[in-house]
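Chemist: Give me a 3D structure for the following:
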Amino acid sequence: MKDDWGFSFAGRTMDYFGGKAITSDITALFELIKNSRDANAKEVTIRLKNIDKKDAAKIGACDNCNGMSENDVKEKWMVLGTGSCLYSDKTKNGKPVWGEMGMGITACQKLGSKTDLISVKGKQRANMTFDWSVFEKPGIAVDKITFTVEAGSSDGMESGLTLEISGLKSKWTPKKSMS
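Modeler: The predicted model follows:
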């Protein structure tokens, strides 16, 4: 008998890609900024909200990039290690690409236990919520974990990407946020 097998990996491996491979919270934030720049954002805003209240603390990252359609979210955001930088080392605006491995999503996992994503591209909007704790369940493989996308009209919103990260895994102080 002959059979073909492919690799899979345990959900807890996501913690390695985010929580352990990204060395610091500041590095994770910079990864998000690099992604925004590579998507041609002219402005990126990082907001630390309620950092003095553990259960209410959040990190918001908002940019005015090209945005992602529902299909872009599926084919780019949801794929670890995308090879887009292998096809071109320049952004659509001709700047050198800063991102290296398509690992920006793991920066969100590094920073918090939940991420809300809102992406607007043209007249399309895609919303998703990622609960990173599902990757910690024993015995679950990554290919068995799914998240729901809600797609619809942008209702006149400008193109861009907004991430809100909650359930922060580290304490943020004014000194840390200035590093």
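Chemist: any idea where the helices of the protein begin and end?
Modeler: Here the chain has its helices, by DSSP state H, at 13-15, 25-38, 70-72, 84-87, 104-111, 174-177.
Chemist: nearest to Asp143, of the ones you listed?
Modeler: Evaluated over the helices of the chain, closeness to Asp143 peaks at helix 13-15, with 11.6 Å, by CB to CB. (Glycine included, C-beta is placed from N, CA and C.)
Chemist: Now do the buried residues in that closest one.
Modeler: 14-15 (16 or more other CB atoms under 10 Å).
Chemist: helices and strands around that helix, which ones?
Modeler: Applying 3 or more CB pairs under 8 Å, 6 or more residues apart in numbering; DSSP states H and E, we find helix 13-15 packed against helix 104-111.
Chemist: Now the residue positioned nearest the centre of the chain. Nearest residue, chain neighbours left out?
Modeler: Residue closest to the average C-alpha location in the chain (CA atoms, centre = their mean): Ile105, at 2.9 Å. Counting by CB to CB, 6 or more residues apart in numbering, Ile105 lies nearest to Trp77, which is 6.1 Å off, once chain neighbours are set aside.
Chemist: Just checking, which helix or strand of this protein averages the lowest pLDDT?
Modeler: helix 84-87 (a mean of 60; mean pLDDT, DSSP states H and E).
Chemist: What about the closest residue to Asn35 other than its chain neighbours, how many residues nearby?
Modeler: Setting aside the residues directly before and after it, Asn35 is nearest to Gly104 in space (CB to CB, 6+ apart), at 4.1 Å. The number of residues packed near Gly104 is 22, by other CB atoms under 10 Å.
Chemist: Please look at Gly104 and Leu32 and confirm they touch.
Modeler: Yes. Taking CB atoms under 8 Å as the definition, Gly104 is a contact partner of Leu32 at 6.1 Å.
Chemist: one step back: among the helices of the chain, which is the most enclosed?
Modeler: helix 104-111 (a mean of 24; mean count of other CB atoms under 10 Å).
Chemist: List the contacts of it.
Modeler: With contact meaning CB atoms under 8 Å, 6 or more residues apart in numbering, helix 104-111 is reached by 14-15, 17-19, 21-22, 25, 27-29, 31-32, 34-35, 59, 77-78, 80, 115, 130, 132, 135, 163, 165, 168-170.
Chemist: So for Glu43, what's the nearest residue that isn't a sequence neighbour?
Modeler: Nearest residue to Glu43, sequence neighbours excluded (CB to CB, 6+ apart): Asn64, at 5.3 Å.
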